[in-house]
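J.: Pasting the sequence and the predicted model now:
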Amino acid sequence: MKNNKEVRVRFAPSPTGELHIGGLRTALTNFLFARNKGGKMILRIEDTDRNRLVEGATDRIIEAMNWAGIEIDEGVCSDGGESTCQKGEFGPYVQSERKGIYQKYVDKLVEEKKAYPCFCSSERLEEMREEQMKNKQAPGYDGHCRELSQEEVDSKIKNGEPHVVRFKVSDSGTTLHNDLVFGKIEVENRVLDDFVIMKSDGFPTYHLACVVDDHLMKISHVFRGAEWIASTPKHILLYEAFGWTDEMPSFCHMPSILNKNKKKLSKREGSVSVADFKNEGYPPEALVNFIALLGWNPKTEQEIFSMEELIDQFSIEKIHRAGGVFDLDRLAWISAQHIKKMSTEDLYVQSLPFLEKKEFFKNAAENRKTKDFVKKLLEIEKERMEKFTQVGEKNQFFFSDDIEVNADDMRWKDSKDTDTKENLQKGFDVLEKIGEDDWKLENIESTLLEAAGDKRGDLLFPVRAALTGQKRSPSPFQVAWVLGREESLKRIKKAIDSL
RNA sequence: GGCCCGUUCGUCUAGUGGUUAGGACGCCAGGUUUUCAUCCUGGUAACAGGAGUUCGAUUCUCCUACGGGCUACCA
């Protein structure tokens, strides 16, 4: 690979559904590399399998990438609305719009006898494979149509017989490629069969389309999942057949992402799409951080990264080979770290949609739904949150007007109800002296601590319980601060009266 | 079955021809603390196995095992 070549990488998903976690990793790696090298990031849509198309999938893939903060310089993009657009000089960037281009290149190979039409029925192919399996042979095309005479081919085509085009793979020799992550990978050509490059519906297969496009779009580096390692020799053979080996991109395969039982991540095991994680309330930076660290390591002890830091520190040499297990515990921890670092304003903006879905929030009084109130709540929940879906969940007493609290829950160690009552009254008295304007966290804290003296639990515990109605909760200072003077005093009063 | 790839604590990983094999998550135990959470300290736990090379292998080579991928007119 010439190092003066402009870095151009592409993420090339098929629009068959939501963007998968594995897809996100591929997209992210492409993006990090492009940004690190000052190159271009291209989005190409590979929709040559007409049977698996899912309507709207392209939009959802772009949406997921946007959410994750992966930007596209060229190719298919979102115009901000419902539909997609394309930008760049190497378009179109949607493969179904490039049918004519592929046809031209396939014709060229056929002309040069490097490829040939194949009329074998799927039934025959299936039988052939069964037979091969039975004889413990490697299944593969037997070359049946390789030797068809020109007349036979012409007449079959004239009769409109359906056919595919196969690439002729030599029976001898080996194909070698130097993978940037896995190193030298050598395969004997005889284990490769004459693979299909053009399907009977006139669409190219992945192998052909991807090679033609990567060449025409001047792609410098191909980052893709390890599942493609085995077919890379086919692609190299194609580059050779076209005479494009000089400008062949570097191949860089990424280790697989596995689930707990070390199998390739699949839907059965729970969330696998980026949209799932978004809906579960993980901040995008957290998912990105987590995914970046699966199969890549900065060689330092840093664990928490912003996108900028990832771009800055990315390098291919730090990608490793073994597959990695997707560990939700670790994601949760990384997510908590990101949330802790967020500004309260940012946390508010991101978690509000989740809060608004909750019944306890919908049913709350209007003065508990204000931005001011929610931000105060978030200020104290920031330290306890792993994902946005948890917002308010453990502290619903903030939103409810009649909380119930009983004497047992307010009892500090083995004190008596009369002690509880006394301490609540004491708390009430000192808090009442704080004016509305002075109702600040520091003031509340210092006032209560002063009143408590060296017997903190005796005062603080019942006050906290009276304010929350819960056995566990944030501190009485924080709760009182969020709740406000009036409501706090009201709750303590109510608790006193209940004793 | 064939081909290709991989293998360090349960998980993510660092690392070296001679190290007490390091960090992080999780878990456990302590501490701080009014409870919860945060935070701090400590603990737990790994070089898949076998040969070979070597004075010495976790590190280099080979074999085996295990795991994964591919083996489609899917990508």
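T.: Sure thing, it's come through. Everything quoted here is computed from the prediction, not taken from an experiment. Numbers count the residues shown, from 1 in each chain, chains lettered A, B, ... in the order given.

J.: what about the closest residue to A:E186 other than its chain neighbours, which SS state?
T.: Spatial nearest neighbour of A:E186, chain neighbours left out: A:L176 (4.6 Å); criterion: CB to CB, 6 or more residues apart in numbering. Quick note: C-beta positions are derived from backbone N, CA and C, even for glycine. Per DSSP: H, G, I helix; E, B strand; the rest coil, the secondary structure class of A:L176 is strand.

J.: could you list every residue that touches A:L176?
T.: A:184-187 (CB atoms under 8 Å, 6 or more residues apart in numbering).

J.: Then A:A292?
T.: A:28, A:32, A:305, A:310.

J.: ok, and which of those residues reach RNA strand B?
T.: Checked against RNA strand B using CB under 7 Å from any atom of the strand, the contacts of A:A292 give no members in range.

J.: Nearest the geometric middle of chain A, what residue?
T.: The centroid of chain A falls nearest to A:V274 when counting by CA atoms, centre = their mean (4.0 Å).

J.: hang on, isn't that residue packed against A:R60?
T.: No. The pair A:V274 and A:R60 fails to qualify as a contact (CB atoms under 8 Å) at a distance of 9.0 Å.

J.: so what sits against both of these two?
T.: A:18-19.

J.: Run through who's touching the helix or strand of chain A with the lowest mean pLDDT.
T.: Ranked by mean pLDDT, DSSP states H and E, the helix or strand of chain A with the weakest confidence is helix A:122-134, at a mean of 87. Under the contact criterion CB under 8 Å, 6+ apart, helix A:122-134 has outside partners A:138-142, A:144.

J.: and if you look at stretch A:147-162?
T.: If you take CB under 8 Å, 6+ apart as the criterion, stretch A:147-162 is touched by A:116-117, A:119, A:163, A:200.

J.: can you list those in JSON lines and add pLDDT and secondary structure?
T.: Shown next, in JSON lines, are those (pLDDT from 0 to 100; DSSP: H, G, I helix; E, B strand; the rest coil):
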{"residue": "A:Y116", "pLDDT": "95", "secondary structure": "strand"}
{"residue": "A:P117", "pLDDT": "95", "secondary structure": "strand"}
{"residue": "A:F119", "pLDDT": "93", "secondary structure": "coil"}
{"residue": "A:H163", "pLDDT": "95", "secondary structure": "coil"}
{"residue": "A:S200", "pLDDT": "95", "secondary structure": "coil"}
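
J.: buried subset of the residues you listed?
T.: Restricting the contacts of stretch A:147-162 to buried positions leaves A:116-117, A:119, A:163, with burial counted as 16 or more other CB atoms under 10 Å.

J.: Which one of these is nearest to A:A451?
T.: A:H163 (90.2 Å; CB to CB).

J.: List the residues that contact that closest one.
T.: So A:H163 contacts A:117-119, A:156-157, A:200 (CB under 8 Å, 6+ apart).

J.: Apply 10 Å and report the result again.
T.: A:116-120, A:145, A:153, A:156-157, A:198-200 (CB atoms under 10 Å, 6 or more residues apart in numbering).

J.: and RNA strand B, which of those contact it?
T.: Taking CB under 7 Å from any atom of the strand as the test, RNA strand B is in contact with A:120, A:199-200 out of the contacts of A:H163.

J.: domains for chain A, by residue range?
T.: Here the domain parsing of chain A from automatic domain parsing is A:8-93+A:257-325, A:96-254, A:342-398, A:407-498.

J.: chain center to the longest one, what's the gap?
T.: Relative to the chain's own centre, domain A:96-254 is displaced by 31 Å; criterion: CA atoms, centre = their mean, to the nearest Å.

J.: what distance separates the start and the end of it?
T.: 27 Å (CA to CA, to the nearest Å).

J.: Could you do stretch A:217-233 as well?
T.: 20 Å.

J.: can that stretch be found next to RNA strand B?
T.: Yes. Using CB under 7 Å from any atom of the strand, stretch A:217-233 reaches RNA strand B at A:226-231.

J.: so A:D49, which of the three states?
T.: coil.

J.: where's the residue nearest to A:K433 when sequence neighbours are not counted, which helix or strand?
T.: Setting aside the residues directly before and after it, A:K433 is nearest to A:T447 in space (CB to CB, 6+ apart), at 7.6 Å. Per DSSP states H and E, A:T447 falls inside helix A:441-452.

J.: Only C-alpha atoms, please: export the following helix or strand past that helix in PDB.
T.: Next helix or strand after helix A:441-452 toward the C-terminus (DSSP H and E): helix A:456-468. Output in PDB follows, covering the C-alpha atoms of helix A:456-468 (Å, rounded to 0.1, in the frame of the first residue of the first chain):
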ATOM      1  CA  ARG A 456     -26.400  12.500  63.500                       C
ATOM      2  CA  GLY A 457     -28.400   9.400  62.800                       C
ATOM      3  CA  ASP A 458     -30.900  10.300  65.500                       C
ATOM      4  CA  LEU A 459     -31.900  13.400  63.700                       C
ATOM      5  CA  LEU A 460     -31.000  12.800  60.100                       C
ATOM      6  CA  PHE A 461     -32.500   9.300  59.700                       C
ATOM      7  CA  PRO A 462     -36.000  10.100  60.700                       C
ATOM      8  CA  VAL A 463     -36.000  13.400  58.800                       C
ATOM      9  CA  ARG A 464     -34.800  11.500  55.700                       C
ATOM     10  CA  ALA A 465     -37.500   8.900  56.100                       C
ATOM     11  CA  ALA A 466     -40.200  11.500  56.700                       C
ATOM     12  CA  LEU A 467     -39.200  13.200  53.500                       C
ATOM     13  CA  THR A 468     -39.100  10.100  51.400                       C
END
